[in-house]
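Engineer: For reference, the sequence and a predicted model appear below.
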Amino acid sequence: MGALDGQVAVITGASSGIGAATARLFAAEGARLALLDVNPVPGDLLGLGEVTTHVTDVTDAAAVERAMAEVAERHGRIDVLVSSAGILDRVPFLEMSPERFDHIIAVDLRGVFLAARYAAPYMVEAGRGRIINIASQLGIKGGAGLAHYVAAKAGVIGLTKALALELAPMGVLVNAIAPGPIETPLIGGRPEEWKREKAAELPLGRFGRPEEVAPTALLLASSPGGDIYVGQTLGPNSGDVMP
């Protein structure tokens with residue numbers, strides 16, 4: 001038996017990176033998957049067992065609410081939510097437009113709120129559930145040229161704590177994961193020299209891979225592994241941040 005046998009897991013940002021790696025691991029552990037992304041989900045993820053896909057913009061409240069309702073109607077419940085959808089770019093603060101700031105906040109923070117807002121009622125009704133929000137170590141340590149992204153990810157960590165306090169008494173456990181630099185499309189366009197210099201700063205000496213983050217999500221989603229994690233932020237970050 002897998003750690004998530006028969007459970008229904010919703011994953012946003014599922015088409016690539018940490019979201020896709022989490023989908024593969026959850027499927028291997030027996031979960032039924034509902035994959036949400038603004039982009040079409042790659043074909044290899046469609047063969048992971050019982051999978052539904054929902055092209056969804058996480059900044060659109062009506063679209064997110066509709067997707068969660070479709071999942072609940074199709075599968076009968078929602079047991080796990082992994083909010084992995086996110087975007088990243090670098091803009092010096094003195095050049096950052098309000099529109100650019102708002103866009104990152106909309107995807108990386110408001111999208112996390114909306115996914116939780118419309119998934120949590122199904123969990124509360126069932127008396128159990130797990131919400132796992134993908135933050136970033138930059139939400140803890142900050143980062144130059146990333147004021148919008150840092151603000152969003154720090155907000156995810158704070159939102160996670162607030163939701164954990166409200167929902168734990170109802171059986172819904174909310175936690176966050178704050179990865180360090182991970183080899184995903186978010187940093188795929190960065191210069192190789194930057195990657196080498198950044199990797200050299202890490203105690204581990206290298207970036208992580210999405211499949212090395214997914215097991216942390218599995219821990220938080222599973223029982224008994226995740227049963228007493230409440231409002232925590234776990235850090236698979238190659239040693240970049242040591243709280």
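Structural biologist: That came through, no problem. All values derive from a computational prediction rather than experimental measurement.
Engineer: From the centroid of this protein, which residue is nearest?
Structural biologist: Per Cα atoms, centre = their mean, the C-alpha nearest to the average position across the chain is that of S84, at 2.5 Å.
Engineer: just checking, that one touches A14?
Structural biologist: Yes - when contacts are counted by Cβ atoms under 8 Å, S84 is listed as touching A14 (7.0 Å). No exception for glycine: its C-beta is placed from N, CA and C like everyone else's.
Engineer: so who does H75 touch?
Structural biologist: The contact partners of H75, taken as Cβ atoms under 8 Å, 6 or more residues apart in numbering, are V8, R32, A34, T52.
Engineer: my guess is V124 meets A168, correct?
Structural biologist: No - counting by Cβ under 8 Å, A168 is not a contact partner of V124; they are 11.1 Å apart.
Engineer: count of residues packed around the residue nearest to D240 when sequence neighbours are not counted?
Structural biologist: For D240, the nearest residue in space outside its immediate sequence neighbours is G180; the separation is 3.9 Å by Cβ to Cβ, 6 or more residues apart in numbering. Neighbouring residues of G180 were enumerated by other Cβ atoms under 10 Å; the total is 21.
Engineer: Next, the residue lying closest to D37 once chain neighbours are set aside: secondary structure please.
Structural biologist: Residue nearest to D37 in three dimensions, not counting chain neighbours: S15, with 4.1 Å by Cβ to Cβ, 6+ apart. At S15 the chain is in coil, as set by DSSP: H, G, I helix; E, B strand; the rest coil.
Engineer: I figured S15 hits G43, correct?
Structural biologist: No - checked against Cβ under 8 Å, the pair S15 and G43 is beyond contact range at 10.8 Å.
Engineer: Can you find the helix or strand in this protein with the smallest mean pLDDT?
Structural biologist: In the chain, no helix or strand scores lower on mean pLDDT, DSSP states H and E than helix 185-188, which sits at a mean of 74.
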